[in-house]
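Engineer: 3D, please:
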Amino acid sequence: MASLQASALLLPSSSSCCSRKFNAAIHVPKLPKVSFSVPKIPTKDLIEELNLRVGVEKINVTTPPIHHKSTSFVTTKLYAILEAVADRVEMHNNIGQQRDNWNTLLLNSINMIILTAATMAGVAAISGTGMPLLALKLSSTLLYSAATGMLLIMNKIQPSQLAEEQRNATRLFKQLQNQIQTMLALNTPTQEDVKDVMEKVLALDKAYPLPLLGAMLDKFPSKFEPAVWWPNNQLQKKNKSYAGKQCHIENNGWSEELEMEMREVIEVVKRKDIEDYVRLGNLALKINKGLAISGPLLTGIAAVGSAFVGNGSWAAIVAVTAGALASTVNAFEHGVQVGMLIDMYRNSGGFFRHLKESIEATIGERDLEKRENGELFEMKVALQLGRSLSQLRELARKSASSHVDGTAIDEFASKLF
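Structural biologist: Numbers count the residues shown, from 1 in each chain. Next comes the predicted model:
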């Protein structure tokens, strides 16, 4: 009886629990309302308005401003010049290697010809008479004559000097190539920039010509002069090109101390470096002139002496001795490459002259805003001379002290060469 009551008490609670579980299981959440919009049919006015908008946008995209067209055309011109400069680099490099080969081949060939002729002249002197003597005399004379003609041509064109010219031209054209690339990367080029670059290319072509006939530089000038590979008005234009492109620094990085430092550097460059290279250039030029005359003269004397071998011992002595001396002179002139030394001094003197004119043109500009930034300019000068900034300032201090003391400064401006 008690168990039935207990079960009766339990039934309602269990049924209610089941009903709650069932209700929870079959509960379906309400779906959100979705609104559908039907697009309107475009009218004629709407179509015309859309067409007008698309046309205006198309015009704005495809038609750049006039100044953009001009800038792009200037950039195209600079890229065309850059291609020409790169081609110049390759041309001068290849021709320089060719002319260096000329020097080696001609030097070895001429010396072998001279020594062979001298040997024949010596053998002819002890061969007796008859046809063997005639053959040796004739061969020796022809070889000496050929060596004389080849020496005249070789001494006229100076292959070692030609090769040095092309090496210097290659370096300077590479320098110009880097300048154009920097200009295209950092600045917005103008038509004036194109004109300046064209002038630089033409000035380099004039300073280091490729042809041998007509345009070749005089290898034996009356006076030694440093090379000039920049236009006359380039340095003034360079200062103008910096106007409006300076950093916002007080006085554009210039001060009285910096100007005085640059003036003292100019004095050292003029009194020491330029004078020294001009002196060395003149000395090398005189030596080269003497050697260029002596070589063909000695081979000519040897040719005459070999023609008279057999008529007396003096002829054989002249032929052999003159031939030996001619071979020695030729080996010294073209083996040591005296012509190359002349052009090296010529190019070094031109470097210091360009540096001097660049500093003078910069500090000669009274408007500080039109100058290149002073701190940047000082750093460039120091690097060109192979010095640190502190060393450059110390050089200027020594130069100023030498004016006061009346003594000569004991060092050169450049530590590179």
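Engineer: where are the low-confidence patches of this protein?
Structural biologist: 1-71, 128, 234-250, 312 (pLDDT under 70).
Engineer: That one: helices as residue ranges?
Structural biologist: 2-25, 44-62, 66-125, 131-157, 159-186, 191-207, 234-241, 256-268, 275-307, 313-330, 338-364, 374-384, 389-405 (DSSP state H).
Engineer: ok and the third one relative to helix 131-157, angle-wise?
Structural biologist: This points to helix 66-125. Counting by axes from the mean of the first three to the mean of the last three CA atoms, to 10 degrees, helix 66-125 lies at 160 degrees to helix 131-157.
Engineer: and helix 66-125, what does it pack onto?
Structural biologist: The contact analysis (3 or more CB pairs under 8 Å, 6 or more residues apart in numbering; DSSP states H and E) places helix 66-125 against helix 131-157, helix 159-186, helix 191-207, helix 275-307, helix 313-330. Using the backbone N, CA and C atoms, a C-beta is placed for each residue, glycine as well.
Engineer: tell me which residues of the first one are tucked away?
Structural biologist: The reference is to helix 131-157. For helix 131-157, the neighbour count (16 or more other CB atoms under 10 Å) marks 133, 136-137, 139-141, 143-148, 150-151, 154-155, 157 as buried.
Engineer: and if you look at the second one?
Structural biologist: Neighbour-count burial for helix 159-186 flags 159-170, 172-174, 176-177, 180, 183 (criterion: 16+ other CB under 10 Å).
Engineer: other SSEs contacting that helix?
Structural biologist: So helix 159-186, by 3+ CB pairs under 8 Å, 6+ apart, packs with helix 66-125, helix 191-207, helix 338-364.
Engineer: Pick the most deeply packed of these.
Structural biologist: helix 338-364 (a mean of 21; mean count of other CB atoms under 10 Å).
Engineer: Against Lys219, how distant is Gly161?
Structural biologist: You called it Gly, but residue 161 is Gln. 6 Å (CB to CB, to the nearest Å).
Engineer: can you list residues touching both of the two?
Structural biologist: Common neighbours of Gln161 and Lys219, using CB atoms under 8 Å, 6 or more residues apart in numbering, are Gly339.
Engineer: among the helices and strands packed on helix 159-186, which is nearest Ala227?
Structural biologist: Closest approach to Ala227 among the helices and strands packed on helix 159-186 is made by helix 338-364 (3.5 Å; CB to CB).
Engineer: okay, the angle between that closest one and helix 191-207?
Structural biologist: Interaxial angle, helix 338-364 versus helix 191-207 (the same axes, to 10 degrees): 150 degrees.
Engineer: Next, the angle helix 275-307 makes with helix 338-364.
Structural biologist: Using the same axes, to 10 degrees: helix 338-364 against helix 275-307 is 160 degrees.
Engineer: Which strands and helices lie in contact with helix 338-364?
Structural biologist: If you count contacts as 3+ CB pairs under 8 Å, 6+ apart, helix 338-364 packs onto helix 159-186, helix 234-241, helix 256-268, helix 275-307, helix 374-384.
Engineer: Out of the ones you listed, flag the one nearest Ala203.
Structural biologist: Per CB to CB, nearest to Ala203 of the helices and strands packed on helix 338-364: helix 234-241, 7.7 Å.
Engineer: hmm, back to that, figure out which of the helices and strands packed on helix 66-125 is closest to Thr76.
Structural biologist: helix 191-207 (9.9 Å).
Engineer: What lies in contact with that closest one?
Structural biologist: 74, 77-78, 81, 84-85, 88, 169, 172-173, 176, 180, 183, 187, 227-231, 234, 237, 241.
Engineer: Any chance of the helices and strands packed on helix 338-364 in CSV with distance to Thr104 as columns?
Structural biologist: Formatted as CSV, these follow (distance: least, CB to CB, whole Å):
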stretch, distance to Thr104
helix 159-186, 9
helix 234-241, 37
helix 256-268, 39
helix 275-307, 17
helix 374-384, 33
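Engineer: Out of the ones you listed, flag the one nearest Ile126.
Structural biologist: helix 275-307 (13.9 Å).
Engineer: and that closest one, which residues are buried?
Structural biologist: So helix 275-307, judged by 16+ other CB under 10 Å, has buried residues 276-278, 280-281, 284-285, 287-288, 291-292, 294-303, 305-307.
Engineer: now it, how far from the centre of its chain.
Structural biologist: Relative to the mean C-alpha coordinate of its chain, helix 275-307 is positioned 33 Å out (CA atoms, centre = their mean, to the nearest Å).
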